[in-house]
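**Q** Here's a sequence, model it:
(3 chains)
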Amino acid sequence: MFYFVCDLLGTIAFAISGVLVAMDKKLDLFGVFIIAFVTAVGGGSLRDMLIGETPVSWMRESAYTITIIGSVIFAVLLQQRLKYLRRSLFLFDTIGIGLYTMVGIDKGLDAGLIPFICIALGVMTASFGGILRDILCNEIPVIFRKEIYATACILGGVIYLALLNTTLEEEYAYALAIIIVIAIRLLAVRFHIALPNIYRNNAKE
Amino acid sequence: MFYFVCDLLGTIAFAISGVLVAMDKKLDLFGVFIIAFVTAVGGGSLRDMLIGETPVSWMRESAYTITIIGSVIFAVLLQQRLKYLRRSLFLFDTIGIGLYTMVGIDKGLDAGLIPFICIALGVMTASFGGILRDILCNEIPVIFRKEIYATACILGGVIYLALLNTTLEEEYAYALAIIIVIAIRLLAVRFHIALPNIYRNNAKE
Amino acid sequence: MFYFVCDLLGTIAFAISGVLVAMDKKLDLFGVFIIAFVTAVGGGSLRDMLIGETPVSWMRESAYTITIIGSVIFAVLLQQRLKYLRRSLFLFDTIGIGLYTMVGIDKGLDAGLIPFICIALGVMTASFGGILRDILCNEIPVIFRKEIYATACILGGVIYLALLNTTLEEEYAYALAIIIVIAIRLLAVRFHIALPNIYRNNAKE
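**A** Down below sits the predicted model:
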């Protein structure tokens, strides 16, 4: 139940982020819904198809679709106020990636995959929805330019897997790892922490 | 047999729409074929992967691939005349989405999914091929700008599911729903019916 | 073992081609890694999802991921020298598509698909990674503009399937077909062989 509520919160956050991007592109109501839907379920669908757990999650549980429809209606009606909500949306989004990462890792462990691959699966679950959103809107995915997203997921995933090998209960390890992902991302944004630059010549191009 | 002929007609329509878009982009013969192929089988492949019905349809039945190859040859040879064919192509395309929607819904029902999700699956089957076509050609998918496409699918799907609960035979319900999708789309285009505008300030940007 | 080494060589080549494209786009370290990863495993993942062989290959064998990580580190550290390596990279890449084509065809035959569809699967395995790479970097996929890629795969695949029906041992047929793909591609590039032009009016646009 705890996991399920968190999962729906993540769905809400991703759906609203999809609405915001789609409305910037002036898509019509249906286009906005599709982008919201794809952003929210894209990561989980890819994960389920890759490990062969079909039909994929959102098809087996209508709560996801209902949540997305509700989020789109909410976001479209309140579009004027959403400008002020964007900061809390960033928080929601971060909670979403924290949770989706752990959901993906758990699914990988259930499927008998090695830890290493499970973390890759967690990162995909958390990031693929946003990548699809940006591709559909014809932009280079934001994730490729601001990496705090994925680095946070990877670190959180490593810590989660490490904690599972301690005597700590799984639920606590899960919650702790989510908090770590969120904390890393918030701190990275606040203090402008980025990956080391890999380009020798830094001249503006 | 009736379903199968309709399915191949839909395949032809989508393949030719792919050829038209690819030739506008001046792709070479192989690129044109790939775009035609992806447009025609993209929706069904996604549907089959999401519900786990693999290998996907076009792999189990070579008639699809043969039909696509024939359509590409036909469209490339007759490219000068196709300009005059575009209006009937729009009709073919509309027949295609009508049918693909119902095929997708039926597959969802067979997989034991709830009606709600089946309609989503129907819309995906009908629209994903065109979305892929536009992404591969580096454009914002047309479907996100002209929504009559998906709204028609959704309404047709709802009516189909309602009719299945009456004493009407399944074949008639199927055919009737396809006609409804086609009629809605044709009427929407003819009378410029669109979804309500969701943007407050309508100034040109 | 022979197949596995070739497969990893192909993985290295595709990963490095991903790094080169991503660095041209000035993506950060994580973006570069993601593009390299997607280029290297994209084709095989699509193939495995389409035929329902899940979890997909790279999830069952961590050697792929390790190889990709190593290739990215190597390519980033040696970026200054890679300019001189591009010609041999083209060779690696060509070896990669030769091999990936045959791997895809073999997987299709194992899944009981007809020869015709197996070749399509081989082409997808060889080309989808590069298509994803270009879409993620927001460009029209190179494959749609320079078709020697896929035509070589198709011819090699046809010859491979023909050789399997002779008394020639499978390993030799496999190796011979790979060499044919490579030779066709190298010769096509060297002598500027292209598909016949399908556009009547050739004026520059």
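**Q** Look through chain A and state the residue closest to chain C.
**A** residue A:52 (2.7 Å; Cβ to the nearest Cβ). Bear in mind the C-beta positions are built from the backbone N, C-alpha and C, glycine included.
**Q** Next one: the closest residue to that residue other than its chain neighbours from residue C:60, what distance?
**A** The shortest distance from residue A:52 to any non-neighbouring residue, by Cβ to Cβ, 6 or more residues apart in numbering or on different chains, is to residue C:54 (2.7 Å). Distance, residue C:54 to residue C:60, using Cβ to Cβ, to the nearest Å: 9 Å.
**Q** Of these two, which one has the most company?
**A** Neighbours per residue (other Cβ atoms under 10 Å in any protein chain shown) separate residue C:54 from residue C:60, with residue C:54 holding more: 22 against 15.
**Q** Show the backbone phi and psi for the more buried one.
**A** Per-residue torsions, residue C:54: phi -120, psi 160 (degrees, to the nearest 10).
**Q** cool, and the one 3 residues further on?
**A** Listed backbone geometry of residue C:57 is phi -50, psi -50, with angles given as degrees, to the nearest 10.
**Q** interface residues of chain A facing chain B?
**A** A:22-23, A:25-32, A:34-35, A:45, A:49, A:52, A:54-56, A:58-60, A:62, A:65, A:76, A:79-80, A:135-138 (Cβ under 8 Å from any Cβ of the partner chain).
**Q** Which single residue in chain A comes nearest to chain B?
**A** residue A:54 (2.7 Å).
**Q** So which elements touch the helix or strand bottoming out on mean pLDDT in chain A?
**A** Among the helices and strands of chain A, helix A:79-110 carries the lowest confidence by mean pLDDT, DSSP states H and E, at a mean of 77. Contact here means 3 or more Cβ pairs under 8 Å, 6 or more residues apart in numbering or on different chains; DSSP states H and E; on that basis helix A:79-110 packs against helix A:2-24, helix A:29-51, helix A:115-136, helix A:148-164, helix A:170-190.
**Q** CA atoms of the third one as PDB?
**A** Extracted C-alpha coordinates of helix A:115-136, given in PDB (Å, rounded to 0.1, in the frame of the first residue of the first chain):
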ATOM      1  CA  PRO A 115      22.600  -6.200  -9.300                       C
ATOM      2  CA  PHE A 116      24.500  -4.300 -11.900                       C
ATOM      3  CA  ILE A 117      21.800  -4.800 -14.500                       C
ATOM      4  CA  CYS A 118      19.100  -4.100 -11.900                       C
ATOM      5  CA  ILE A 119      20.500  -0.600 -11.400                       C
ATOM      6  CA  ALA A 120      20.500   0.000 -15.200                       C
ATOM      7  CA  LEU A 121      16.900  -1.100 -15.200                       C
ATOM      8  CA  GLY A 122      16.100   1.300 -12.400                       C
ATOM      9  CA  VAL A 123      17.700   4.200 -14.200                       C
ATOM     10  CA  MET A 124      15.700   3.400 -17.300                       C
ATOM     11  CA  THR A 125      12.400   3.200 -15.400                       C
ATOM     12  CA  ALA A 126      13.100   6.600 -13.900                       C
ATOM     13  CA  SER A 127      14.300   8.300 -17.100                       C
ATOM     14  CA  PHE A 128      12.800   6.800 -20.200                       C
ATOM     15  CA  GLY A 129       9.400   8.500 -19.800                       C
ATOM     16  CA  GLY A 130      11.100  11.900 -19.800                       C
ATOM     17  CA  ILE A 131      13.300  10.900 -22.800                       C
ATOM     18  CA  LEU A 132      10.200   9.900 -24.800                       C
ATOM     19  CA  ARG A 133       8.400  13.200 -23.800                       C
ATOM     20  CA  ASP A 134      11.300  15.200 -25.200                       C
ATOM     21  CA  ILE A 135      11.700  13.100 -28.400                       C
ATOM     22  CA  LEU A 136       8.000  13.400 -29.100                       C
END
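**Q** For the spatially closest residue to residue A:65 that is not a sequence neighbour, give me the pLDDT.
**A** Nearest non-adjacent residue to residue A:65, counting by Cβ to Cβ, 6+ apart: residue A:58, 6.2 Å away. Per-residue confidence at residue A:58 stands at 89 (pLDDT).
**Q** And for residue A:72?
**A** Residue A:72 carries a pLDDT score of 91 in this model.
**Q** element containing it?
**A** helix A:63-77 (DSSP states H and E).
**Q** what packs against that helix?
**A** Short answer (3+ Cβ pairs under 8 Å, 6+ apart): helix A:63-77 packs on helix A:2-24, helix A:29-51, helix A:57-60, helix B:115-136.
**Q** about what we covered before: give me the buried entries from the residues of chain A next to chain B.
**A** Neighbour-count burial (16 or more other Cβ atoms under 10 Å in any protein chain shown) applied to the residues of chain A next to chain B gives A:22-23, A:25, A:27-32, A:34-35, A:45, A:49, A:52, A:54-56, A:58-59, A:65, A:76, A:79, A:135-137.
**Q** Hmm, the residue nearest to residue A:65 is touching residue A:45, no?
**A** Yes. Assessed by Cβ atoms under 8 Å, residue A:58 is found in contact with residue A:45 at 7.0 Å.
**Q** re the thing from before, the least confident helix or strand of chain A: which residues count as buried?
**A** Using 16+ other Cβ under 10 Å as the test for burial, helix A:79-110 gives A:79, A:82, A:89, A:92-109.
**Q** surely residue A:36 meets residue A:15?
**A** Yes. Taking Cβ under 8 Å as the definition, residue A:36 is a contact partner of residue A:15 at 4.3 Å.
**Q** Need the overlap of contacts for those two.
**A** A:68, A:71-72, A:75 (Cβ atoms under 8 Å, 6 or more residues apart in numbering or on different chains).
**Q** Using TSV, lay out the helices and strands packed on helix A:79-110 together with distance to residue C:177 and mean pLDDT.
**A** Converted to TSV, these look like this (distance: least, Cβ to Cβ, whole Å; pLDDT from 0 to 100):
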stretch	distance to residue C:177	mean pLDDT
helix A:2-24	45	82
helix A:29-51	29	89
helix A:115-136	31	86
helix A:148-164	38	86
helix A:170-190	47	85
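**Q** any chance of the ones you listed in CSV, with distance to residue B:171 too?
**A** Formatted as CSV, the helices and strands packed on helix A:79-110 follow (distance: least, Cβ to Cβ, whole Å):
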stretch, distance to residue B:171
helix A:2-24, 38
helix A:29-51, 30
helix A:115-136, 36
helix A:148-164, 50
helix A:170-190, 51
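**Q** hmm, back to that, most widely separated two among the shared contacts of residue A:36 and residue A:15?
**A** A:68 and A:75 (10.5 Å; Cβ to Cβ).
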